[in-house]
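Q: what's the 3D shape of this:
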Amino acid sequence: MEEKILIEGNAKGAKLIPIIVAILSIISFVAGFVAVAMAEDYMLVPLCVLGVILLVASITLFVYCNNCTICVTNKRVYGKASFGARVDLPIDSISAVGVLTIWNGISVATSSGAIKFLYIKNADDIHKTLSNIIVNRQGKVLSTSSSSADELKKYKELFDDGTITQEEFDEKKKQLLGL
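A: As a prediction, this is how the structure comes out:
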């Protein structure tokens, strides 16, 4: 079966929060120099330190979530997560999916941990698509296991009736149970 793209999402609005934090940083620096001009020299250092902290936070936020992209196909989820980390996850390895409301993003959980895709335009649609995939996959696993159990029951009845031998039953049992 050929790989088919089901839904894609890109970062949107990711620059807004870092820009706000950068503006606060500039305000802090300006307030420090205004304090010096008003003969309140003791305020310069704390305000400049605050400005540096806010500037570093702004740059970190910008790098953290600016380039997030996600693509869901019928075989895998791939894209760039936080800090631009490239991600390629087989659909079968995904155990859960969640929406990050504050960050307008998606969290995709695997046995290795959660991967976050932040500021995704259509995060709710992507969540719905991935949830449907997970639910459908679980339904197939359940129906497969119940059909194996039904088939094993039929072979047990054939064995009890004497239609098949013990060896044939044991062989079929191993085959159905994957032993």
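
Q: spatially nearest residue to Lys121 (excluding sequence neighbours)?
A: Among residues not flanking Lys121 along the chain, Lys12 sits closest, at 4.4 Å (CB to CB, 6 or more residues apart in numbering). Heads up, the C-betas are built off the backbone N, CA and C, glycines and all.

Q: just checking, the one you found touches Ala123?
A: No: assessed by CB atoms under 8 Å, Lys12 is found out of contact with Ala123, at 9.6 Å.

Q: between these two, what contacts are shared?
A: Listed as contacting both Lys12 and Ala123 by CB atoms under 8 Å, 6 or more residues apart in numbering are Asn104.

Q: who's more crowded, these two?
A: For Lys12 versus Ala123, the count of surrounding residues by other CB atoms under 10 Å is larger for Ala123: 22 against 14.

Q: what's the pLDDT at that one?
A: pLDDT, Ala123: 87.

Q: I'd like the distance between it and Cys68.
A: 10 Å (CB to CB, to the nearest Å).

Q: and the contacts of stretch 171-179?
A: Contacts of stretch 171-179 (CB under 8 Å, 6+ apart): Ser148, Glu151, Leu152, Tyr155, Ile164.

Q: where in this structure is pLDDT low?
A: 1, 13-15, 65, 139-147, 178-179 (pLDDT under 70).

Q: max-length helix in it?
A: helix 123-161 (DSSP state H).

Q: residues that sit against both of Ala123 and Cys68, list them.
A: By CB under 8 Å, 6+ apart, the residues touching both Ala123 and Cys68 are Gly105, Phe117.

Q: the most centrally placed residue in the chain - nearest residue in space that isn't next to it in sequence?
A: For the chain, the residue nearest the mean C-alpha position is Val108 (2.1 Å; CA atoms, centre = their mean). Among residues not flanking Val108 along the chain, Ile115 sits closest, at 5.0 Å (CB to CB, 6+ apart).
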